[in-house]
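> fold the following, please.
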Amino acid sequence: MTFFERLEARSRAADSLVCVGLDPDFKKHRAAELASFNKAIIESTAEFAACYKPNIAFYEQFGIPGLQALEESLKAIPPEIPVICDAKRGDMGNTAQAYARALFETWGFGAATVNAYQGSDAVAPFLAYPDKAIFVLCRTSNPGSREFQEQRLENGRMLYQQVALTATSWSTNVGLVVGATAPEELADVRKLVPAAPLLVPGVGAQGGKPEDVVRAAGYQHGKMVVNASRSIMYADEGSGFALAAGNAARTLRDELRAAAALPA
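This next block holds a predicted model:
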């Protein structure tokens with residue numbers, strides 16, 4: 001099965017679009033605590049997760065112990081639940097090949113986020129793995145994204161629109177990252193590339209709303225996952241943190257389901 005086939009199967013089985021971000025806060029943990037903390041989060045949220053998405057930077061910041069904690073955390077994720085590495089890699093030639101080998105062969109991730117600013121040859125090494133997938137940065141959730149992504153090109157399209165059309169033409173194993181904080185642009189991308197799988201960050205701590213996401217992009221298993229990190233991992237910072245994380249993941253799942261039933 002390809003990654004997107006696995007993602008659709010899992011999303012249907014759980015009836016969930018929830019992507020649980022595993023992004024530990026440097027200020028809240030010692031490196032030695034990361035694996036056990038993540039394992040508790042995974043155990044409490046697995047029932048509601050369509051996939052998991054660790055951002056590798058949150059482990060690299062701890063050095064080798066952080067990477068070891070990531071390795072242990074990945075072992076705790078049930079095998080039927082796909083995992084996306086949020087690495088935002090972007091380079092060319094043998095460097096891109098090394099990034100792809102690291103993420104897909106050494107780490108064994110099913111998918112990765114990729115920056116396609118350098119064009120198709122920088123992305124090609126990631127697409128050499130037919131059972132893997134990438135999510136190309138398209139219209140991101142940060143406020144400064146407009147500085148580049150909404151620049152108007154000579155053909156009349158904005159840059160993010162051209163990214164959506166071009167990147168998805170490279171392979172069926174390409175999805176797009178489009179932030180929940182930009183619902184109008186999210187709706188625009190869905191119209192431009194209706195079959196493209198979308199990774200939608202920005203719900204929760206960044207202010208994106210589940211109902212806006214579903215209204216903009218629909219509710220389709222395998223065609224969209226909605227990521228929440230801090231709002232799930234740190235729903236409660238006391239002794240009941242794991243239970244609270246599970247409840248937060250279930251709430252997001254239910255809010256996305258409910259939004260699908262709302263009138264357009």
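
> work out for me the element Asp131 sits within.
Under the criterion DSSP states H and E, no helix or strand holds Asp131.

> spit out the contact partners of it.
1-3, 110 (Cβ atoms under 8 Å, 6 or more residues apart in numbering). Glycine gets a C-beta too; all of them are placed from N, C-alpha and C.

> one more pass at 7 Å, please.
Asp131 makes contact with 2-3, according to Cβ atoms under 7 Å, 6 or more residues apart in numbering.

> check contacts around Met224.
17, 197-198, 200, 217.

> and the helices in the stretch 101-250 of the chain, which stretches?
Shown for the stretch 101-250 of the chain, the helices assigned by DSSP state H, counting those that start in this stretch span residues 120-127, 146-149, 159-170, 183-192, 210-217, 230-233, 241-260.

> just for this protein, where's the confidence low?
Within the chain, the ranges that satisfy pLDDT under 70 run 263-264.

> now do the strands in it.
18-22, 51-54, 84-89, 111-114, 133-139, 174-178, 198-200, 224-228 (DSSP state E).

> pairing partners for the fifth one, with directions?
What it means is strand 133-139. strand 111-114 (parallel), strand 174-178 (parallel) (DSSP bridges).

> tilt between it and helix 183-192?
130 degrees (axes from the mean of the first three to the mean of the last three Cα atoms, to 10 degrees).

> can I get strand 133-139 in CSV, CA atoms only?
Provided in CSV are the C-alpha atoms of strand 133-139 (Å, rounded to 0.1, in the frame of the first residue of the first chain):
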residue,chain,number,x,y,z
ALA,A,133,4.6,10.5,0.3
ILE,A,134,5.4,14.1,0.7
PHE,A,135,3.4,17.1,1.8
VAL,A,136,4.8,20.2,0.0
LEU,A,137,4.5,23.6,1.8
CYS,A,138,1.9,25.5,-0.1
ARG,A,139,0.0,28.1,2.1
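
> quick one, it and helix 120-127 angle?
Using the same axes, to 10 degrees, strand 133-139 lies at 140 degrees relative to helix 120-127.

> can you tell me which of the helices of the stretch 101-250 of the chain is nearest to Ile77?
Nearest to Ile77, of all the helices of the stretch 101-250 of the chain, is helix 241-260, at 13.6 Å by Cβ to Cβ.

> give me the contacts around that closest one.
15-18, 20, 40-41, 43-45, 48-49, 203, 210-211, 214-215, 219, 226, 228, 231-233, 235-236.

> rewinding a little: make JSON lines out of the helices of the stretch 101-250 of the chain and add distance to Ser36 and mean neighbour count.
Below are those laid out as JSON lines (distance: least, Cβ to Cβ, whole Å; neighbours: other Cβ atoms under 10 Å):
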{"stretch": "helix 120-127", "distance to Ser36": "32", "mean neighbour count": "18"}
{"stretch": "helix 146-149", "distance to Ser36": "39", "mean neighbour count": "14"}
{"stretch": "helix 159-170", "distance to Ser36": "38", "mean neighbour count": "19"}
{"stretch": "helix 183-192", "distance to Ser36": "36", "mean neighbour count": "19"}
{"stretch": "helix 210-217", "distance to Ser36": "30", "mean neighbour count": "22"}
{"stretch": "helix 230-233", "distance to Ser36": "13", "mean neighbour count": "22"}
{"stretch": "helix 241-260", "distance to Ser36": "10", "mean neighbour count": "19"}
